[in-house]
Structures are given as structure tokens and as C-alpha cells.
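Peer 1: fold the stuff below for me.
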Amino acid sequence: MVRVKLITGRTIEQGQNLENKLSEEYQKAVAVCELNEDDMKEIGVSEGENVKVKTQFGEIVVVAKKASANPKGIAFIPMGPWANAVIGGDTHGVGMPQFKGIDAEVEKTSEKVLPVKELMKSLGV
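Peer 2: Next up, the predicted model:
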């Protein structure tokens, strides 16, 4: 397990698949966690393997993706249902939830990544 600061944001791949959020392409674009290679080594995960991301707001299973541009200790999940499951809804009076700097833990898992319909059902949506 490694402790990281989680950030979320838009990506080109995520944006290209907005029209079909139930597609496999959309899931491949957003159900990922980009990690520094050193963090991946620390948790014993290779690119393409599944990881569980836990925050005080929830937990999800996504696919590990190597991101050499990420500093050690920073994890990135593209905006979408998987990211939304681990960020808080409090907007602190500004109308936007916190999408950056969320304390998180990432660990290797054998659990599967839930397709979007199953994910939403598990979240009670």
C-alpha cells in the first residue's frame, strides 16, 4: 500500500468518449489510476494490473497505468464515475467539489474493475 495525493482532471481520451459512457472505450479511458513508477514498484503492481484506491469518501478498483510525468506520491484518475466515487461532495461554498489533493491509499488487488452500470449500482445511484 502506498499513500498518495489524488488528483482528478480531464483528459483527451476521457473527452473523446463522453458520448458513450457505457462503452468499453470510455471505461478504458477513465477507469485508470496513473502512478509514478516508484509508487507502482512500492505496491508491487505492473501497468495493466488492478489497484484499489481508497479515500475517506469511498473506494474503487481501477487499472494501474504508469505515468512517468507524475511525481512520486501523486496519483491521477481522469474525471468520470470512478473518480467521483472517491472524491467528496462538499463544495466549501464555491460550487465545486475538491478534485485535487485528496489523501488516498493505493494497493494492488485481485478485485475486478466494475463496469459503469455495476459501479453506479454499487454506489446506490
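Peer 1: what secondary structure does K5 sit in?
Peer 2: strand (DSSP: H, G, I helix; E, B strand; the rest coil).
Peer 1: spatially nearest residue to G80 (excluding sequence neighbours)?
Peer 2: Nearest in space to G80, with sequence neighbours left out and distances taken as CB to CB, 6 or more residues apart in numbering, is V30 at 3.5 Å. Every C-beta, even on glycine, is put in place using the N, C-alpha and C of the backbone.
Peer 1: count of neighbours near that neighbour?
Peer 2: 24 (other CB atoms under 10 Å).
Peer 1: pretty sure it contacts W82?
Peer 2: Yes - assessed by CB atoms under 8 Å, V30 is found in contact with W82 at 6.0 Å.
Peer 1: quick one, phi psi at I43?
Peer 2: Backbone geometry at I43, expressed as degrees, to the nearest 10, gives phi -90, psi 0.
Peer 1: again with K117
Peer 2: phi -60, psi -40.
Peer 1: i'd like the first residue to be 510 from this point on
Peer 2: Will do, 510 is the new start, and the previous item becomes K626.
Peer 1: name the element F585 belongs to?
Peer 2: Following DSSP states H and E, one finds F585 within strand 583-587.
Peer 1: try D548
Peer 2: For D548, the host element (DSSP H and E) is helix 546-552.
Peer 1: same question, I569
Peer 2: Assigned by DSSP H and E, I569 falls within strand 567-575.
Peer 1: give me the buried positions along the helix holding D548.
Peer 2: 548-549, 552 (16 or more other CB atoms under 10 Å).
Peer 1: who are the packing partners of the next helix or strand after it?
Peer 2: As assigned by DSSP H and E, the chain's next helix or strand after helix 546-552 is strand 559-564. The elements that strand 559-564 packs onto, with contact taken as 3 or more CB pairs under 8 Å, 6 or more residues apart in numbering; DSSP states H and E, are strand 541-544, strand 567-575, strand 611-617.
Peer 1: so the residue nearest to A538 when sequence neighbours are not counted versus G597, what's the distance?
Peer 2: Nearest-residue entry for A538: E522, 3.9 Å, with adjacent residues in sequence omitted and distances by CB to CB, 6+ apart. For E522, the distance to G597 equals 25 Å [CB to CB, to the nearest Å].
Peer 1: alright, calling it a day.
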